[in-house]
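Enquirer: need coordinates for the below:
(chains A and B)
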Amino acid sequence: MMRRVLVFLAVAGLAWALLPLALGSGVPEAPGALATAYLTDAPADFGAANIVTAIVVSYRGFDTLGEVAVLFAATAGVGALLTRKRLGLGDAEPEAKPAATEILVTATGLLTGLLVMFGVYIFLHGHLTPGGGFQGGVVIATALLLGLLARPESHLSHGILAAVESLSGAAYVGMGLLGAFLAWGFLDPRALPLGRIGSLVSAGSIPVIYSLIGLKVGAELSGILDALKGDRE
Amino acid sequence: MLVDVALLVSGIVMIAAGIGAVLARSLLVSILLSGGVSLAASLVFLLMGAPDVAMTEAAIGSGLTTVVYLYALARARQPDEEDSDPLGNSVKGGR
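Expert: Residues are numbered from 1 along each chain as shown, chains lettered A, B, ... in the order given. This is a model prediction of the structure:
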């Protein structure tokens, strides 16, 4: 009884604390000072049509590098923990997995190419349309997941995943350093020519960096899914 | 106005799916319902004019996280079917 009262009090207190936030929510009529600065500066400074991407990759580029590092650490942890040995399966023969249904196999054959193409489209056009490296990478991982579901015995090539992941990570930092040497600071996209706003090759190094993030995220999430299958050596 | 109604409906769906995920007896149903919470949340983000966040929420929240939970559920069930001692070491010849 006492416990229920305490839980109720805690929930009521939380609701009371969040009430002003709920009452004040909504879409403001005009953007604030910081948002106005981004809205006017991002197209002028970097030639980026998608201002969200300009903020994520340039103004807050260092935070994004930290996010990518966190994701890398998580993937490394999952990969180190989820091996056959750690799972206690020992040398037991992997049990025969039931074959996938014909519907899944056929749909996988049709969809895999389209999904990979859509993922690449999302991160290549990150500076023009909504979306970017993280979203595109997840879509690519979804395509590889379909392949794993359709062929339960198959494995993603660990070497290729590791190579793509580490090379794109190193190239990301390399592009950042290029910005420090050729432009005004670390991750400054003006290291490359800005081009005309709205065209595919524009916004300096933003599309390059976002494509590298897309490849890295796709490889990392595919590696997590492959490790979760649980029959990795 | 229509946007407000859609936002309210999505919010109600989110709350209902969340309560259902907590109360459901089967873990599988809980996992699917928590994926449904993310799907409704991505709709909310889309209605509020944040397509970037909506894409992330739909792909990671309702897609990848659900798959990861399902894999973990399948993995967690397997030791129950084996003859294993409490320390988790599988006993020889148990299977």
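
Enquirer: quick one, helices of chain A?
Expert: A:2-23, A:33-46, A:51-54, A:61-81, A:102-124, A:133-150, A:158-182, A:206-228 (DSSP state H).

Enquirer: show the pLDDT at residue B:33.
Expert: For residue B:33, the pLDDT comes out at 92.

Enquirer: please name the nearest non-neighbouring residue to residue B:24.
Expert: residue B:30 (4.7 Å; Cβ to Cβ, 6 or more residues apart in numbering or on different chains). From N, CA and C alone the C-beta is placed, and that goes for glycine too.

Enquirer: ignore what I typed, I meant residue A:104.
Expert: With sequence-adjacent residues excluded and distances taken as Cβ to Cβ, 6+ apart, residue A:104 is closest to residue A:150, at 5.3 Å.

Enquirer: number of nearby residues for residue 8?
Expert: Just so you know, I chose chain A. 10 (other Cβ atoms under 10 Å in any protein chain shown).

Enquirer: that answer is for a different chain, and I need it for chain B
Expert: Counted with other Cβ under 10 Å, the neighbours of residue B:8 add up to 10.

Enquirer: and it, what does it touch?
Expert: Applying Cβ atoms under 8 Å, 6 or more residues apart in numbering or on different chains to residue B:8 gives no contacts.

Enquirer: hang on, the earlier thing: what's the burial count for the residue nearest to residue B:24?
Expert: By other Cβ under 10 Å, the residues close to residue B:30 number 17.

Enquirer: ramachandran angles for it?
Expert: phi -60, psi -40 (degrees, to the nearest 10).

Enquirer: mean pLDDT added to the helices of chain A, as TSV?
Expert: Below are these laid out as TSV (pLDDT from 0 to 100):
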stretch	mean pLDDT
helix A:2-23	90
helix A:33-46	81
helix A:51-54	84
helix A:61-81	87
helix A:102-124	89
helix A:133-150	87
helix A:158-182	85
helix A:206-228	87
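
Enquirer: adding distance to residue A:189, write those out as TSV.
Expert: Below are those laid out as TSV (distance: least, Cβ to Cβ, whole Å):
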stretch	distance to residue A:189
helix A:2-23	35
helix A:33-46	5
helix A:51-54	8
helix A:61-81	8
helix A:102-124	15
helix A:133-150	14
helix A:158-182	7
helix A:206-228	5
